[in-house]
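Chemist: no sequence for this one, just the structure:
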Ligand code: SF4
Ligand code: SF4
């Protein structure tokens, strides 16, 4: 079984992130407040906040507005247009797979891959 702390609402699998176990223990573990959010006015990721606290969904793949404008607003400025579109497409694929399998199975699959 995978670690539920690593299943971010936005389609990222935290096990792939270079900051895991350095500055972060997983997006779910941090309740959507990983280190970078401490430098923002809201102190919580807008995607996590919207998904969990406003829409009350398990993840953005279950939202009819996905991918909403917040995904574009949160774009990493160091990414080229091509890199950003690729990352968005990867998140879409992850969330589609997560919907098909359910979160536990998706995590198991990602842990073993
Ligand atoms: S964008 Fe937000 S929800 Fe996605 S991994 Fe980062 S902090 Fe978590
Ligand atoms: S509007 Fe939907 S896709 Fe956008 S952050 Fe909220 S839950 Fe996620």
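Modeler: Thanks, I have it. Keep in mind that this is a model prediction, so the values were computed, not measured. Residues are numbered from 1 along each chain as shown. Ligands and ions are numbered 1, 2, ... in the order given.
Chemist: how near is the nearest residue in space to residue 67 that is not next to it in sequence to ligand 1?
Modeler: If the residues on either side of it in the chain are set aside, residue 67 comes closest to residue 88, at 6.1 Å by CB to CB, 6 or more residues apart in numbering. Every C-beta, even on glycine, is put in place using the N, C-alpha and C of the backbone. Between residue 88 and ligand 1 the distance, using CB to the nearest ligand atom, to the nearest Å, works out to 11 Å.
Chemist: Just say helix, strand or coil for residue 15.
Modeler: Put simply, residue 15 is helix when judged by DSSP: H, G, I helix; E, B strand; the rest coil.
Chemist: Look up how far residue 92 lies from the residue lying closest to it once chain neighbours are set aside.
Modeler: Spatial nearest neighbour of residue 15, excluding adjacent residues (CB to CB, 6+ apart): residue 6 at 5.0 Å. Residue 6 sits 18 Å away from residue 92, taking CB to CB, to the nearest Å as the criterion.
Chemist: Say whether ligand 2 is contacted by stretch 28-38.
Modeler: No - figure legend: stretch 28-38 not in contact with ligand 2 (CB under 6 Å from any ligand atom); closest approach 10.7 Å.
Chemist: which parts of that stretch are buried?
Modeler: Judged by neighbour count using 16 or more other CB atoms under 10 Å, the buried positions of stretch 28-38 are 28-30, 32-34, 37.
Chemist: what does it contact?
Modeler: Contacts with stretch 28-38, where a contact means CB atoms under 8 Å, 6 or more residues apart in numbering, come from 4-9, 14, 19, 23-24, 27, 43-45, 47-49, 52.
Chemist: Name only those of the residues you listed that count as buried.
Modeler: Buried, going by 16+ other CB under 10 Å: 5-9, 14, 24, 27, 44-45, 47-49, 52, out of these.
Chemist: restrict the residues you listed to contacts with ligand 1.
Modeler: 8-9, 27, 45, 47-48.
Chemist: before we move on, back to that, which residues touch the residue nearest to residue 15?
Modeler: 13-15, 20, 26-28, 107, 110.
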